[in-house]
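**Student:** my questions are about this predicted structure, shown below with the sequence.
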Amino acid sequence: MYVNKKAAFALHLLGLMAIALPLLAGSGEGPDYHRQSEKVNLALRRVAHLLMEEAGDTVTRIPPVVLTGDATWQVRLEHAFNYDRLPVLLHQSFELHQINMGYDVAVLDCPSGELQLGYNYIDLVEKGAVPCGGRDVQAGCYVIQVTLIESPTGARSTLYWWFLVGGSLLAGVVYLLIKRPFLPAAAAVAGAPVAGESPLIPFGHSALAMQEQTLVAGEVRHSLTYREAKLLRLFATHPNQLLERDIILEQVWQDEGVMVGRSLDVFVSRLRKMLRDDPTVRLVSVHGVGYRLEII
């Protein structure tokens with residue numbers, strides 16, 4: 001029986017999962033939990049500092065960040081601040097400290113604890129704006145409260161289940177790879193059209209010829225590389241759809257074994273330059289999420 005390289009690699013991953021699952025099954029407050037809490041603390045102190053500075057206060061001591069729950073932190077500001085600046089500053093601070101979890105934000109009144117303003121991070125990353133924007137924050141004392149959507153203490157348990165589900169899916173993939181007949185490498189070239197796909201993919205006033213790895217944008221013809229053609233095919237077959245970075249990397253770079261996020265940005269930049277010849281097509285980026293090929 002012939003087992004190709006992908007099947008062998010998948011079998012190797014299954015072996016690693018068998019070792020990792022017992023370790024991930026446990027739970028508790030390990031070093032990762034405390035490190036996560038420390039990073040959120042630093043991120044919120046940075047936000048408080050910048051909001052106070054922009055309000056003209058460079059003297060008042062930054063108050064301590066308080067952990068009030070399993071995944072909830074609060075910082076107190078003794079005077080009004082610019083609410084419109086909060087979403088951007090908080091998101092930047094989370095990215096700076098590599099906090100890659102979803103979160104809810106609430107602005108509470110100090111004396112009463114009543115909710116004054118708030119939003120979910122999805123509003124910012126998908127819409128570019130949050131509810132209650134443009135509202136004036138009256139003079140007074142406020143508490144900025146941030147709650148991570150997934151608790152750090154539950155991360156290990158969540159990861160365990162992802163491994164468990166992923167292991168089951170991977171086992172199915174291994175079975176299919178072993179059972180399917182071996183295909184010569186020439187038949188798996190990314191530039192070759194898949195079964196049932198037209199050799200010419202039209203979009204806007206442009207068209208992609210996969211076999212020739214050629215793009216005709218408007219009236220200008222461009223020769224594409226193997227990877228450019230594969231990336232453009234993914235966009236052209238999903239017009240006006242937001243494609244997440246991880247999905248793009250998996251679909252276009254998975255055959256390399258190693259996926260480098262920066263490579264995606266470079267290739268998107270190249271495609272943008274070629275598509276300038278077609279005013280009906282626009283390749284736009286959605287910050288922190290991915291890219292979308294818009295057909296006007």
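**Tutor:** On my side now, so go ahead. Remember, predicted model here, so these are calculated numbers, not experimental data.
**Student:** would you mind confirming that Arg282 is in contact with Arg276?
**Tutor:** No - the criterion here is C-beta atoms under 8 Å, and Arg282 misses it with Arg276 at 9.6 Å. No exception for glycine: its C-beta is placed from N, CA and C like everyone else's.
**Student:** pLDDT below threshold where in the chain?
**Tutor:** 1-33, 135-136, 150-198, 256-261 (pLDDT under 70).
**Student:** can you show me the strands along it?
**Tutor:** 66-67, 72-77, 103-109, 115-120, 142-148, 200-203, 206-209, 214-217, 220-223, 242-244, 281-286, 290-295 (DSSP state E).
**Student:** adjacent strands (with direction) for the last one?
**Tutor:** It stands for strand 290-295. Partners of strand 290-295 in the sheet, by DSSP bridges, are strand 242-244 (antiparallel), strand 281-286 (antiparallel).
**Student:** circling back to that earlier point, make JSON lines from the strands of the chain and add mean neighbour count to it.
**Tutor:** Conversion of the strands of the chain to JSON lines gives the following (neighbours: other C-beta atoms under 10 Å):
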{"stretch": "strand 66-67", "mean neighbour count": "13"}
{"stretch": "strand 72-77", "mean neighbour count": "19"}
{"stretch": "strand 103-109", "mean neighbour count": "18"}
{"stretch": "strand 115-120", "mean neighbour count": "17"}
{"stretch": "strand 142-148", "mean neighbour count": "21"}
{"stretch": "strand 200-203", "mean neighbour count": "16"}
{"stretch": "strand 206-209", "mean neighbour count": "20"}
{"stretch": "strand 214-217", "mean neighbour count": "20"}
{"stretch": "strand 220-223", "mean neighbour count": "14"}
{"stretch": "strand 242-244", "mean neighbour count": "15"}
{"stretch": "strand 281-286", "mean neighbour count": "16"}
{"stretch": "strand 290-295", "mean neighbour count": "18"}
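**Student:** can I get these in JSON lines with distance to Gly56?
**Tutor:** Putting the strands of the chain into JSON lines (distance: least, C-beta to C-beta, whole Å) gives the following:
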{"stretch": "strand 66-67", "distance to Gly56": "25"}
{"stretch": "strand 72-77", "distance to Gly56": "13"}
{"stretch": "strand 103-109", "distance to Gly56": "20"}
{"stretch": "strand 115-120", "distance to Gly56": "21"}
{"stretch": "strand 142-148", "distance to Gly56": "16"}
{"stretch": "strand 200-203", "distance to Gly56": "51"}
{"stretch": "strand 206-209", "distance to Gly56": "52"}
{"stretch": "strand 214-217", "distance to Gly56": "51"}
{"stretch": "strand 220-223", "distance to Gly56": "53"}
{"stretch": "strand 242-244", "distance to Gly56": "39"}
{"stretch": "strand 281-286", "distance to Gly56": "34"}
{"stretch": "strand 290-295", "distance to Gly56": "38"}
